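>>> Below are the sequence and a predicted model for it; my questions follow.
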Amino acid sequence: MLEGGSWLVPYVGGKPFLRKPPLVQWCIAGSLKVFGHNAWAARLPSVLSVLALAGVIIFATRGWLISEQSLVAAIVMMVQVATIEKCRLAELEAIYVALSGIAMVLWMSWWSQGRSPWLVWIVPMGFNALALLAKAPLHLLFFYSVVVATLVAAGEMRRLWSLAHLAGVMIMLGIVAAWAVPYFYEVNADEAGAVWKRQFVERVTGAEVDFSKWLMNIPHALVNHLPWVLFAPLLWRKDATLGQRTRPAALLRGGRWAIAGCFVVLLHIPGVLPRYVQPLVAPFSLLLAPVLWDCPRRVRHWWRYSVFTLTLAVFTGAVAAPFVVASAVGKGADAMHPAVAGFAVLLIFSAALLLMSLRRRLHQTLHLALWTGFLAAMAILLYATTAVPWMNLSDDIRPFAQRIDDKMPERSRLVAYGLDDYAPLLGTLFYLKTPFIYAADAEHAPEGEEFYLIRGKDRAKFEKRFAVIGSPLAAWDTKEDKLPSVVVRAERRQPR
């Protein structure tokens, strides 16, 4: 996109990428334009989107929840295994979850407060439209499951047929159509339809699913939502709705069954992966926060004991961090100074100790939630300072890019040939300083001698269409193909 490509149709490996709409690519391209071509800028949209969702949870729920409960809900949303994993990656999941989550948060909050129907429906539908431009419409199933279950519990199903809701749906469709109409003029509509149909069939039938992985869907999804999924049974306590007004009580009674139903039913579909239910994080966090606020004393006691034990475990890791980092540096890893690594983790640990000293000044649930957040921050920093340097020792992508840059003659370019969406070589191109172009096949390859980056499995076919000159400049055995991927100098053969 930044180099003059289409902003309507994303391209990957020189071919149209028809599986997803382009909003995530727009966000990443804009970030790279502003902050430069680096991994930090590519990941920034994911980070900002999750922070935006946290901000909406904190500020848009006032009037339904008290301020401290809103803060607890934001902590519950952010301090989950899946959120921490996805919000640091240059992928679509974080942005999609954030946009769909904002839509659900706004509807739940404004409906519970009895705000104007036009506000309740139109603004959330705008965010639903943006989520549609990021990924498939699965989030609409979650949104309407919560909406319908809540309206049934409140005896207000008639509101689903209101003019305000219809207007919101029309606005959502209009926003999507503003992209989709010109999009289908630029691509082969039949081909795009076939790709979307194939994706849907694979998700529903599990045509390419590993049965053993499918059996682990629910356990994997439960792990994704630790630690807060352990508190989920509290949503069904008999006195969970005590002290709540009529609408918030209806929201809890209906929403908890909608979330549980979507979670369990979808994960039993063979083609569904655990990450597909991640948009449920936002409504789950909102429903859980007020229930945690009044949770039984024995639950708080267990919570406090668990967090204290884990804090000691992370502290032990922090003490060992300088030695672990020093060992990685000794093997050639790129890492921060061991003393700095240990100091950074110990600094957060000191902040956690300070928080522990404020125990009597904060509500017990808020105190424990903040402590849990500090613990997560300590664990993340410990992981970044100690585990990542060791992981980088086994990184082959950036070293391969460096070998290519070192071997390529000055003022020459590389032709990325037939890569499609093969992630390892596309990742190599991201870190490459040498100029490159894409060639999807021989017909799109330039005339004359060029340097080609080709995947190992395509080398035999490549050599039938191209005359290879000399030995490969660089090679990488990705272990996914019988032959290593290589950079070679070649010229397209003339047809006889």
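Looks like it came in fine.
>>> need the contact list for residue 438.
Contacts for residue 438 (C-beta atoms under 8 Å, 6 or more residues apart in numbering) come out as 11, 13-14, 415-416, 419, 444. (Glycine included, C-beta is placed from N, CA and C.)
>>> Spatially, which two of those are the most separated?
The most widely separated members of the contacts of residue 438, counting by C-beta to C-beta, are 11 and 415 (15.1 Å).
>>> most surrounded residue in the contacts of residue 438?
Within the contacts of residue 438, most neighbours by other C-beta atoms under 10 Å means residue 419, with 24 neighbours.
>>> Does that residue touch residue 456 like I think?
No - applying C-beta atoms under 8 Å, one finds residue 419 not in contact with residue 456, separated by 11.8 Å.
>>> can you list the domains in the protein?
11-295, 298-393, 397-492 (automatic domain parsing).
>>> okay, those, which one's buried deepest?
Compared across the domains of the chain, domain 11-295 shows the largest average neighbour count, a mean of 18 (mean count of other C-beta atoms under 10 Å).
>>> State the mean pLDDT of it.
Average pLDDT, domain 11-295: 89.
>>> distance between the ends of it?
50 Å (C-alpha to C-alpha, to the nearest Å).
>>> Redo the domains of the chain as CSV? Include distance to residue 5.
Shown next, in CSV, are the domains of the chain (distance: least, C-beta to C-beta, whole Å):
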stretch, distance to residue 5
domain 11-295, 6
domain 298-393, 31
domain 397-492, 10
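>>> Compare the ones you listed and give me the one nearest residue 1.
With C-beta to C-beta as the criterion, residue 1 lies closest to domain 11-295 of the domains of the chain, at 4.5 Å.
>>> for that closest one, the distance to its chain's centre please.
Put simply, domain 11-295 sits 11 Å off its chain's centre (C-alpha atoms, centre = their mean, to the nearest Å).
>>> got the CA positions of stretch 15-28 in PDB?
Extracted in PDB, the C-alpha atoms of stretch 15-28 (Å, rounded to 0.1, in the frame of the first residue of the first chain):
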ATOM      1  CA  LYS A  15      -1.300 -11.600  -5.300                       C
ATOM      2  CA  PRO A  16      -4.600 -10.200  -4.100                       C
ATOM      3  CA  PHE A  17      -5.300 -11.200  -0.500                       C
ATOM      4  CA  LEU A  18      -9.100 -11.900  -0.600                       C
ATOM      5  CA  ARG A  19      -9.600 -13.600   2.800                       C
ATOM      6  CA  LYS A  20      -9.900 -10.500   4.900                       C
ATOM      7  CA  PRO A  21     -10.900  -6.800   4.500                       C
ATOM      8  CA  PRO A  22      -8.100  -4.200   4.700                       C
ATOM      9  CA  LEU A  23      -8.700  -2.200   7.800                       C
ATOM     10  CA  VAL A  24      -5.800  -3.800   9.800                       C
ATOM     11  CA  GLN A  25      -3.500  -3.200   6.800                       C
ATOM     12  CA  TRP A  26      -4.700   0.500   6.700                       C
ATOM     13  CA  CYS A  27      -3.800   0.900  10.400                       C
ATOM     14  CA  ILE A  28      -0.300  -0.700  10.100                       C
END
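>>> Let the chain start at 9 from now.
Sure, I'll start counting at 9 from here, so that last one is stretch 23-36.
>>> How about residues contacting it?
9, 15-19, 50, 53, 57, 98-100, 103-104, 138, 140-144, 187, 195, 199-200, 203-204, 207, 428-429, 448.
>>> mind running it again at 7 Å?
9, 17-19, 50, 53, 98, 100, 103, 138, 141-143, 187, 195, 199-200, 203, 207, 428, 448 (C-beta atoms under 7 Å, 6 or more residues apart in numbering).
>>> ok, now stretch 452-463?
Residues external to stretch 452-463 that are found in contact with it (C-beta under 7 Å, 6+ apart): 22, 416, 420, 422-427, 430, 433, 447, 470, 477, 481, 489, 493-500.
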